[in-house]
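K.L.:
return a 3D structure for these sequence lines:
(one chain, ligands or ions: 1)
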Amino acid sequence: MFRKKAIFILALTVLFVSIPVSSVTIATEGELLFELTEDEVDAFLANTDGHKFLRTASRDGRPVYSKDPDGGIKMGNRNADWQSLDIRDDWMERGKSYSIIVEFASTQNTLFRIMNTDSPYATLAVTGQESTSGTLAMNIAIADGQRGVRLTTPQSSLVDYTVKKILIYEGDLPADAIVQKWAMDIPSLHEAFSEFFLFGNILEPGELSNSDTIEMFLHQYNAVTAENAMKPGNVWRTKDSYDFSAADRLVDWALDNSIAIHGHTLVWHSQSAPWLTSNSSGAALTRAEARANMELFISTYAGHFAGRIGSWDVVNEAIASYGDENIRNWRGQLRVDSPWYRAYANGMDRDAGERPEDYIYDAFVFARIAAPDAVLYYNDYNEEFPHKRECIAGMVEDLNEQWKSDPRNTESDRLLIEVIGMQGHYWTGNLRVANVRDSIERFIKTGARIAITELDLPLGSYQGFAQRNDSNIERQAMLYAQLFNIFVEFSEHIDRVTVWGKADTQSWRWEGHPVLFDGDFQPKPGFWSVLDVASAAAEEDPPVSAEPPTDETPPAQTPPAQTPEVTPEPTPAPVVEPEQNTSGFPWWGIVLICTGAAAAGVLVFIIIKKNK
Ligand code: XIL
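P.N.:
Next up is the predicted model:
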């Protein structure tokens, strides 16, 4: 009897210990599907194409894959971040979710990250601090347009690195696997600025199931924009199939929680849906075809959300970003590589006054008709530069003038373009806050209102990201304060300020540590300096000078600050699936479990001995 019991306990102990420790530490509901054992490393290196779970991301012999003597697959001789190791998705079942735990190592300090294998190449998870090792854990599922997930380091850190451990499970990670905890006992940004403007941030529908993120979001923000999920390419991939369900989830959540939801975006050259503007071989549609598609797209999409979405970016980034600084007339400064521009040029009758840029006006008119209650925005970046400022203002004035006599206009005292969205993708090294102020003043003159729609301020300049150190983090905080001083000063005209990223490591420009919370989800000096602006304004203190000291002002000839370009995609951009940003998991759990397992072993040994 005793013997049987002992064998049973022993069997249980063996089972328990043979499950990799981390699977116990981050126990998922589901079965372990794959573990990167030494045999699997050998199998992968012997036949990299044939491995069921892993795939190489290589070209021209880079990276060099090898077996790390300390265990795992090593990637060497790299000169691009995509030279890496991918987890493929062809073994996954659609509609099911899986969780992965990946352990990385390098001989040099670096961040480690998990990202998309294909456009829009989003970072899905990244370690919080540079180190020679790191662990990431996240949920994955089949995402259209992706071939799996990529395990890599940043472009700015092309070190040799090793993927030491991979565990793949069926089912989601439990919430307690998430190590970074948002600072919650700190003031709320939206409350601090409540008398001035809405304070927003970005959120993807997949994040709604992350209760920590949602609790933090509701504490800090009262406006939301989807980072990617509501872009044309993500909601409507082919002419005969659209899917608004993810967007619906986000919009319903926002409405249920009294959060202002901003629709981003209807007409854009990037992350768009190719069927709108080109035929199956990629050639531009005719003007008439593209216009009919635009009307169908906007009336269906904006129409679906009419009465639920408060405002829309109707046209995004139609003015050239690096145009000739001497051109101040918007018609001479258009983004000619936009597929909308090209299609509208195809078959136009110039003599009849038709122009490629007519797509901009059409988009606003279709949006007004489809969602008459929604506030309509024109949204763009580099908006602080004098020539682009003038072009944007001129375009808004011209199109609003055109609308006045349009027979479809039934509200004579309402503008067509009601808000100018200033994206606010700046750089600490290039930003001249006085330029931002000048743009706000110029935009106010158009009669439109203003919103800061995608604010971020990475360390560095358009030439590249700078290393994080105390002094540039302080400079960033100072610049944030100067910007918010201006926003408060003009708050009568400003509806909303939205920061583009909740934490540095989650931002699309994360290499520059650009936002108000760091990779450990803690407030940065910038957070506090922004809050100080609100407190000072509430106490009616004189605002701090809006212009940095002269020695810190970049030279007047500095070329336009470049926003990392979003390359137009020939294929539809995929939805960025639920993102979980975790770095590491509780290692003390492993120690506890190992100790427990050892104790159980000793116990069994004693029982067997006693029983003999
Ligand atoms: C960015 C997202 O943040 C990234 O995740 C994605 O890979 C590319 O697009 N201007 C815009 C935003 O209007 O939609 C862009 O967002 C940033 C630039």
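K.L.:
can I assume Gly233 sits in a helix?
P.N.:
Yes: counting by DSSP: H, G, I helix; E, B strand; the rest coil, Gly233 is located in a helix.
K.L.:
that one contacts Leu276, doesn't it?
P.N.:
No: Gly233 lies out of contact with Leu276 (CB atoms under 8 Å); the separation is 9.3 Å. In this view, the C-beta of every residue, glycine as well, is placed from N, C-alpha and C.
K.L.:
okay, these two: which has more neighbours?
P.N.:
Between Gly233 and Leu276, counted using other CB atoms under 10 Å, Gly233 has the larger neighbour count: 24 against 21.
K.L.:
how much space separates that one from the ligand?
P.N.:
Distance, Gly233 to the ligand, using CB to the nearest ligand atom, to the nearest Å: 11 Å.
K.L.:
same deal with Lys181?
P.N.:
Lys181 sits 24 Å away from the ligand, taking CB to the nearest ligand atom as the criterion.
K.L.:
please apply the same query to Asp172.
P.N.:
Going from Asp172 to the ligand by CB to the nearest ligand atom gives 22 Å.
K.L.:
confidence score at that residue?
P.N.:
For Asp172, the model assigns a pLDDT of 84.
K.L.:
what helix or strand is Tyr481 located in?
P.N.:
For the record, residue 481 is Ala, not Tyr. Here Ala481 sits within helix 470-489, counting by DSSP states H and E.
K.L.:
hmm, who's touching the helix or strand just after that helix?
P.N.:
Using DSSP H and E, the next helix or strand after helix 470-489 towards the C-terminus is strand 494-499. Strand 494-499 has contacts (CB atoms under 8 Å, 6 or more residues apart in numbering) with 193, 196-202, 223, 225, 260, 262, 311, 375, 419, 440, 449-456, 484, 487, 515-516.
K.L.:
next SSE after strand 494-499?
P.N.:
Where DSSP H and E defines the elements, the next helix or strand beyond strand 494-499 is helix 525-538.
K.L.:
how many other residues sit next to the nearest residue to Asp81 once chain neighbours are set aside?
P.N.:
Distances taken as CB to CB, 6 or more residues apart in numbering put Gln155 closest to Asp81, at 4.2 Å, once the chain neighbours are dropped. For Gln155, the number of neighbouring residues by other CB under 10 Å comes to 12.
K.L.:
which secondary structure element contains Gln155?
P.N.:
According to DSSP H and E, Gln155 maps onto no helix or strand at all.
K.L.:
tell me which residues touch it, please.
P.N.:
Going by CB under 8 Å, 6+ apart, Gln155 touches 80-81, 511.
K.L.:
buried ones only from the residues you listed, please, as a ChimeraX command.
P.N.:
Buried residues within the contacts of Gln155, by 16 or more other CB atoms under 10 Å, are selected in ChimeraX with:
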select :81,511
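K.L.:
how close does the residue nearest to Asp81 get to Asp398?
P.N.:
Between Gln155 and Asp398 the distance is 40 Å, computed by CB to CB, to the nearest Å.
K.L.:
for whichever residue of the stretch 501-612 of the chain sits closest to the ligand, give me phi and psi.
P.N.:
For the stretch 501-612 of the chain and the ligand, the shortest gap (CB to the nearest ligand atom) falls at Trp508, measuring 3.5 Å. For Trp508, the backbone dihedrals (degrees, to the nearest 10) come out as phi -70, psi -20.
K.L.:
state the pLDDT value of it.
P.N.:
Looking at Trp508, its pLDDT is 89.
K.L.:
need the contact list for it.
P.N.:
122-123, 227, 500-501, 564.
K.L.:
near the ligand, which residues of the stretch 251-400 of the chain are found?
P.N.:
Taking CB under 6 Å from any ligand atom as the criterion, the neighbours of the ligand within the stretch 251-400 of the chain are Asn316.
K.L.:
one more time with 8 Å, if that's ok
P.N.:
Applying CB under 8 Å from any ligand atom, we find that the stretch 251-400 of the chain lies next to the ligand at 264-265, 268, 270-271, 313, 316-317, 379, 381.
K.L.:
let me have those residues in a markdown table, extended by neighbour count, pLDDT and secondary structure.
P.N.:
Shown next, in a markdown table, are those (neighbours: other CB atoms under 10 Å; pLDDT from 0 to 100; DSSP: H, G, I helix; E, B strand; the rest coil):
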| residue | neighbour count | pLDDT | secondary structure |
| --- | --- | --- | --- |
| His264 | 25 | 98 | strand |
| Thr265 | 24 | 98 | strand |
| Trp268 | 24 | 98 | coil |
| Ser270 | 20 | 95 | coil |
| Gln271 | 21 | 93 | coil |
| Asp313 | 28 | 98 | strand |
| Asn316 | 28 | 98 | strand |
| Glu317 | 23 | 98 | coil |
| Asn379 | 25 | 98 | strand |
| Tyr381 | 23 | 97 | coil |
